[in-house]
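> what's the 3D shape of this:
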Amino acid sequence: MLSDKRSRFNGFDCCTLDEIRADYAIPFGLLKADIEGMGDAFVRGARKTIEQDRPMLSLAVYHNEEEFVGIYRMLKAWDLDYKFEFKALNPFTAYGEVTLLAYPAEWAES
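Numbers count the residues shown, from 1 in each chain. I've put the predicted structure just below:
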């Protein structure tokens, strides 16, 4: 059962990924999210999961400046020894979808 710490957003019950992981003991190897400007909130709510499981992250960061710059800075500040790459899904234009890929440094060495 999900914890009682759930909140409501636009009429829906919400919880963090860390709460789901704690309730169900699910380890994660990949976190992929494109949640229309709420990526920074998602990452904050997944901090313990990211620290413990060290999954690869594929995060859409093109919706607003907080996502584009904030998520990268947040992850860097956590000092998790991750590598980062920004990928434009349309290489022919300066506008459009941009994904932040982040993965544990030890993955790059293998």
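
> host element of residue 58?
strand 56-60 (DSSP states H and E).

> could you list the buried residues of that strand?
By neighbour count, with 16 or more other CB atoms under 10 Å as the criterion, the buried positions of strand 56-60 are 57, 58, 59, 60. Where you see a C-beta, it was placed from the backbone N, CA and C, and this is true even at glycine.

> residues in contact with it: which ones?
29-35, 39, 42-43, 50, 67, 71, 75, 82, 97-104, 107 (CB atoms under 8 Å, 6 or more residues apart in numbering).

> okay, which residue of this protein is out on the far edge from center?
residue 92 (25.8 Å; CA atoms, centre = their mean).

> next one: it, what pLDDT does it get?
Confidence at residue 92, expressed as pLDDT, is 72.

> wasn't it part of a strand?
No. Residue 92 is assigned coil when assessed by DSSP: H, G, I helix; E, B strand; the rest coil, not a strand.

> what's near enough to touch it?
The neighbours of residue 92, taking CB under 8 Å, 6+ apart as the test, come to nothing; the list is empty.

> give me every residue that touches residue 29.
Contacts for residue 29 (CB under 8 Å, 6+ apart) come out as 53, 55, 56.

> rerun that using 6 Å as the cut-off
Residues counted as contacts of residue 29 (CB atoms under 6 Å, 6 or more residues apart in numbering) are residue 55.

> what's the closest non-adjacent residue to the most centrally placed residue in the chain?
Centroid-nearest residue in the chain, with CA atoms, centre = their mean: residue 43, separated by 4.1 Å. By the measure of CB to CB, 6 or more residues apart in numbering, the closest residue to residue 43 outside its immediate chain neighbours is residue 71, 5.4 Å from it.

> report the rounded mean pLDDT for the host helix or strand of the one you found.
Secondary structure from DSSP H and E places residue 71 in helix 71-77. Summarised as a single mean, pLDDT over helix 71-77 is 91.

> please begin residue numbering at 26 from this point
Shifting the count to begin at 26 puts that one at helix 96-102.

> and the contacts of the next helix or strand after it?
Downstream of helix 96-102, the first helix or strand assigned by DSSP H and E is strand 107-113. Identification of contacts with strand 107-113 by CB under 6 Å, 6+ apart yields 123, 124, 125, 126, 127, 128, 129, 130, 133.
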